[in-house]
Structures are given as structure tokens and as C-alpha cells.
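[1] when you get a sec, could you give me coordinates for this:
(one chain, ligands or ions: 1)
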Amino acid sequence: MAQIVLQNVTKTFKDEEVVKNLNVTIKDGSFTVLVGPSGCGKSTTLRMIAGLETQTSGDIWIGDQRVNDLPPGKRNIAMVFQNYALYPTMTVKENIEFGLVNKKVLKEERKKLVSEISEIVGLTEYLNKKPQYLSGGQRQRVALARAMVKKPKVFILDEPLSNLDAKLRNQMRTELIQLHKRLGTTFVYVTHDQVEAMSMGDEIIILNKGVIKQVDSPMNIYQDPSNTFTAEFIGTPAMNVVHYEQVCSLLPDFNINAGFVGFRPEHTSIHSTVFDSENSLVIPGEIITRETLGAEVIYQVKTNVGTCNVKSFLTSVERSNKVYMSIPYDDLYFFNKHGE
Ligand code: ADP
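    Numbers count the residues shown, from 1 in each chain. The predicted structure follows:
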């Protein structure tokens, strides 16, 4: 087990700074998710922690060791990738114990470890099969087992579930969370999928364009996004964010520092007439689409402050195109002119 500390870590490819002065502590034993849009620097950050990429400047600590000059094999980290990277000609057992053979672990000890770990990940009956005869989920378990057998201080997982179908992905998410609880080892998990991040992480690092936008628990990130990027990235659908000046005349007090106002689709209701205007921000609009999720519906409403999402229970308003969105003042978020 170990905490990981990044201090002023920057990575430049040619002339482009793709990771910019990261400062963050990944807590010992946490399930930390690094999330952000494609190309924001997640994999590069992970690869620098693993030692597969060298930072242009800054320090990386794993436990109490500064690992800047330590090769990947010496960092005591195990990695799991989305393409599993299994050896096709080896059986499951051989794949799992490969790292141990290399480390010259004795045969008896290898046997014990493989049996213990294949039991944990539910592979006992597949030990003699080759990867090609396994399902995607089973292959992913082999990749996990191969990482676990090394008893690393840190697990690094780069989009490990993205090749699985939706149902299996959900199942594997639960399995990974349980596995993490059982092992108690630090997990650093990369995904571009905010739903995956929110459902799996106990700590989330949100990255955009190589910069950390927020580090917090999923609950705090949802309830208290510290900037408009986080606000518009998290949630299904994410928060609506409009310019303050477009709605300030509809609000009771003028806030001189405000630049943007946010409101969540699930805190917004729609009505065919003006509703609760003493206590709510009321914005007129027109329904342009309706997506039924089951009991809940997502409406897209076109307004003169932009197109907004509203998530509500099925109502009869959709019959009338003209609607009024109503958001209680207490549910509004305010950000300054820099979006913070
Ligand atoms: P993410 O994992 O968030 O999708 P990456 O860390 O893979 O993002 O990439 C961040 C940026 O760095 C991208 O613009 C990518 O094109 C660039 N990049 C990544 N690896 C290299 C490399 N080896 N050489 C040049 N540019 C790279």
C-alpha cells in the first residue's frame, strides 16, 4: 500500500504541454479515478506514475520513495489495460504466473498464489484454457489476476472496461469495487466516462486540457462543483450553465461577482404556466425533444438563454410546446466571471 504524490508534474511532447503542473496526492488505499475528456492527459499522467513515460519536470513519489529515476519494473506497480495484453499462446495459469516466473518465485509458492488469486477473481475452472476461448469479462479477470499476483503497492487501470458490453461492464465495475475493498491497495483508475468515475471512485480527479479542475469525493463533486467545467461535465445530463447577465433581471438580488448561473436538470421543473415565481427562477421556453427513460423523462427546452435539459417525471406538459422552466432559488449555483 502506498500514497502517490505528484509535485509540479509537467509533460511536454515536442512543444505542446499536455500535462500542466499537476499537484495532487492520491491517498493510500483509495480508489482514485482520473477522469476527463479524451486527450486531456489522463493516460500520460498514469504512464508517468508507472514510469512508462518520463515527466519533463516535477517529482513523483510512491510511498516515501521519489521514483523519478526508478524504472517501471522497480516501482512495485501493476497495470491493467483495456486490451488486456494477454499472451495468446499461454494458458490462463501461465499468463497469471508469468510475472512470478520472471521474478524467480519458487514453483510451490507460485502454485499457491495462482490458486488463491484465481479463486478471488473466479477463474479456477478456466486455468488450463487459452485466452481465445474466454469471454471479454474472463480475459479482463485474467489481466487483473496477473496484476494481483505480484502483490503490488499500487494498481493502475487504464480504461480497463471499455472493450466490454454495457451489461458486463456494469458487472465488472461492481467486481472491481469489491476487489479493491478486499485488497485495500491503492487503485488509480482512468476513464473518460463520468458515470463510471462517479460510481466507482471514492476520490475523483477531474482533468481538462492537462490541468486539474477538481479533486474531491463523488458526492462533493456533484453537490459542490468548484467550476463550470466540472459542473458541465458531471451529471446525466450535466448541469445547465448560463451567463449571469442573461438571467440577473429574473433574480431577487444582484450579485456583482457572478459570471455564470448553473442549475441541474433534476432540480428544474416545467409547467404550462408561470410557476412559483416568488421563490424560483422562471425561464420561458419551448420543448424541442423528449427522451423517455422509463418513469423519468429528459426534455430539451429551447430558451433565449440557450438550450437547457430538464429531467422530470412524466408530465402532460409536453402536449403544449410553450413551457416555463422553474428552478428554486436555493438550487441555483453561482460561479464568478472566470467560471469558478
Ligand atoms: P487521454 O488519456 O486523456 O485521452 P493522453 O494522455 O493519451 O490523453 O494524451 C494527451 C495529449 O498528449 C494528446 O493530445 C495526445 O495526442 C498527446 N500525446 C500522448 N502521447 C504522445 C506521444 N507519445 N507523442 C506525442 N503526443 C502525445
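[2] from here on, just use CA atoms for contacts and neighbour counts.
    Fine.
[3] show me the shaky parts of the chain.
    Residues of the chain meeting the criterion pLDDT under 70: 1, 316-320.
[4] excluding chain neighbours, what is closest to the most centrally placed residue in the chain?
    The chain has A197 as the residue nearest its centroid, 2.7 Å off, counting by CA atoms, centre = their mean. Setting aside the residues directly before and after it, A197 is nearest to V33 in space (CA to CA, 6 or more residues apart in numbering), at 5.8 Å.
[5] how distant is stretch 64-77 from the center of its chain?
    Centre-to-centre, stretch 64-77 and its host chain are 25 Å apart (CA atoms, centre = their mean, to the nearest Å).
[6] for N68, helix, strand, or coil?
    With DSSP: H, G, I helix; E, B strand; the rest coil as the basis, the three-state label of N68 is coil.
[7] gap between it and K311?
    48 Å (CA to CA, to the nearest Å).
[8] what's the separation between V67 and I4?
    When CA to CA is the yardstick, V67 and I4 sit 10 Å from each other.
[9] same check, this time on I26
    Between I26 and I4 the computed distance is 5 Å (CA to CA).
[10] around the ligand, pick out the residues from the stretch 1-150 of the chain.
    Contact residues of the stretch 1-150 of the chain with respect to the ligand, defined by CA under 6 Å from any ligand atom, are listed as F13, V18, S38, G39, C40, G41, K42, S43, T44.
[11] nearest residue to the fifth one other than its sequence neighbours?
    Once its chain neighbours are removed from consideration, C40 has its nearest residue in K209; the separation is 4.5 Å (CA to CA, 6+ apart).
[12] same deal with the fourth one?
    In space, and not counting its chain neighbours, G39 is closest to K209: 7.4 Å by CA to CA, 6+ apart.
[13] now that neighbour: how far from the ligand?
    Here the criterion is CA to the nearest ligand atom, to the nearest Å. By it, K209 lies 8 Å from the ligand.
[14] verify the stated contact: that residue with G41.
    Yes: taking CA atoms under 8 Å as the contact criterion, K209 and G41 are neighbours in contact, 6.9 Å apart.
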